[in-house]
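Peer 1: structure of the sequence below:
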Amino acid sequence: MTIPSRVTETNMVGQALGDLQRSLQRGQKLQSQISSGKLLSRPSDSPTGTVTSLQLRGEVRATQQHGRNAEDGLGWLGTIQDTLGDASSSIIRVRDLTLQALSTSNTDQSRQALAVEIDNIRDTLVTQANVKYMNRPVFGGTTPGSVAYADDPANPGQVKYVGNTDPTTRTVGPNAKVRIETNGPEAFGQPGSSTELFTVLKNLSDSIRSGDEDAVNTGLQNLDTAHETLKSALSDVGARYNRVEQMKQSSDDHLLSVKSQLSDIEDVDLPKAIMDLQIQQTSYQAALAATAKVIQPSLIDFLR
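Peer 2: Numbers count the residues shown, from 1 in each chain. Sure, this is the predicted structure:
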């Protein structure tokens, strides 16, 4: 025999008010999502979604850092590339002047003029060898100094390399490091050698002034060797520039993909949320009307 449960006025009112409260909470949650634009405002909203969101956010930060590193690397390599390109043009000009100096029709005055122009080009090249990016000499390795080449007190009129050959690298992707500098000896020749660019230019200038044709011919050969060294360095810089540029593009594409995944997890579907809110409001209004009819009778109604 089943004993029927007794439903009291208090039970009905409590149940009705509880249902109304839960309906209000659902409406409030939808309103919060619409106003913030986010599905997740606290971990309890979706524990698994929160874990995935944190992982994706970490990946976004790492990818953004790779992009910034690539930007910095492109700045370094672009500066080096432009400088070496200008230096190559200057060397070609020196070669033309040297060929003019080998002409039998040159006078002492014309040779002097050719030597002066070569000296000026050499000074310009020394200035270019000390070019900086972000206040650091790009041909100085990791030197903390302000220049890569400085006057050599032991040899007046000569310059010496005061940087180092330690590499400067940037991480531009997962397990991807790229060297972003070129040290002076790689671009301009080994210090102290007869084929170092600045030594070649100094010797050429002196030989042209003195009219020593054999020394000028030797200087021309050394100039070609120094130019090949510089062009080799320029080619290497161009290859590294292309790699960093590709890695940056890859980082940008990956960042868009990760942000899209993060948006799918965190961001609210605004049209759907607005529709759900309207349905919830209609449901709440209907619940209010039904509740008003259910709990309308009271003791006062029976005593009237």
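
Peer 1: ok, Ala154 to Lys160 distance?
Peer 2: Look at Ala154 and Lys160: by CB to CB, to the nearest Å, they are 8 Å apart. Where C-beta positions appear, they are placed from N, C-alpha and C, glycine not excepted.

Peer 1: tell me which of those two has more neighbours.
Peer 2: Lys160 (16 against 7; other CB atoms under 10 Å).

Peer 1: three-state assignment of that one?
Peer 2: Of the three states, Lys160 takes strand under DSSP: H, G, I helix; E, B strand; the rest coil.

Peer 1: and the helix or strand that contains Ser250, how far out from the chain middle?
Peer 2: Per DSSP states H and E, Ser250 falls inside helix 213-266. Here helix 213-266 is found 15 Å from its chain centre; the criterion is CA atoms, centre = their mean, to the nearest Å.

Peer 1: next one: stretch 78-90
Peer 2: 22 Å.

Peer 1: swap in stretch 75-88?
Peer 2: For stretch 75-88, the distance to the chain centre is 19 Å (CA atoms, centre = their mean).

Peer 1: buried residues in that stretch, which are they?
Peer 2: Using 16 or more other CB atoms under 10 Å as the test for burial, stretch 75-88 gives 76-81, 83-84, 87.

Peer 1: can you check stretch 207-226 too?
Peer 2: With burial defined by 16+ other CB under 10 Å, the residues of stretch 207-226 counted as buried are 207-209, 216, 218-220, 222-223, 225-226.

Peer 1: avg pLDDT for that stretch?
Peer 2: When pLDDT is averaged along stretch 207-226, the result is 92.

Peer 1: tell me, how many residues neighbour the closest residue to Asp119 other than its chain neighbours?
Peer 2: Distances taken as CB to CB, 6 or more residues apart in numbering place Ser205 nearest to Asp119, at 5.3 Å, with adjacent residues excluded. Applying other CB under 10 Å, we find 25 other residues in the vicinity of Ser205.

Peer 1: so what does the helix or strand where Ser205 lies touch, helix or strand wise?
Peer 2: In this assignment (DSSP H and E), Ser205 forms part of helix 197-210. Under the contact criterion of 3 or more CB pairs under 8 Å, 6 or more residues apart in numbering; DSSP states H and E, helix 197-210 touches helix 47-101, helix 108-129, helix 213-266.

Peer 1: before we move on, back to that, measure how the helix holding Ser250 sits relative to helix 108-129, angle-wise.
Peer 2: 20 degrees (axes from the mean of the first three to the mean of the last three CA atoms, to 10 degrees).

Peer 1: quick one: work out the angle between helix 213-266 and helix 197-210.
Peer 2: Inter-element angle recorded for helix 213-266 and helix 197-210: 150 degrees (by the same axes, to 10 degrees).

Peer 1: for helix 213-266, name the packing helices and strands.
Peer 2: helix 47-101, strand 169-173, strand 176-179, helix 184-188, helix 197-210.

Peer 1: closest one to Val147 among these?
Peer 2: Nearest to Val147 among the helices and strands packed on helix 213-266 is helix 184-188 (10.2 Å), distances taken as CB to CB.

Peer 1: which residues does the closest one contact?
Peer 2: 80, 84, 87, 125, 129, 139-140, 148-149, 161, 163, 165, 191, 196-198, 226, 229-230, 233-234, 236 (CB atoms under 8 Å, 6 or more residues apart in numbering).

Peer 1: related to what we said a few turns ago, off-centre distance for the helix holding Ser205?
Peer 2: Relative to its parent chain, helix 197-210 has a centroid offset of 42 Å by CA atoms, centre = their mean.

Peer 1: and for that helix, what's in contact with it?
Peer 2: Helix 197-210 is contacted from outside by 91, 94, 98, 101, 111-112, 114-115, 118-119, 121-122, 125-126, 129, 149, 157-159, 188-189, 192-194, 215-216, 218-220, 222-223, 226, 229-230, using CB under 8 Å, 6+ apart.
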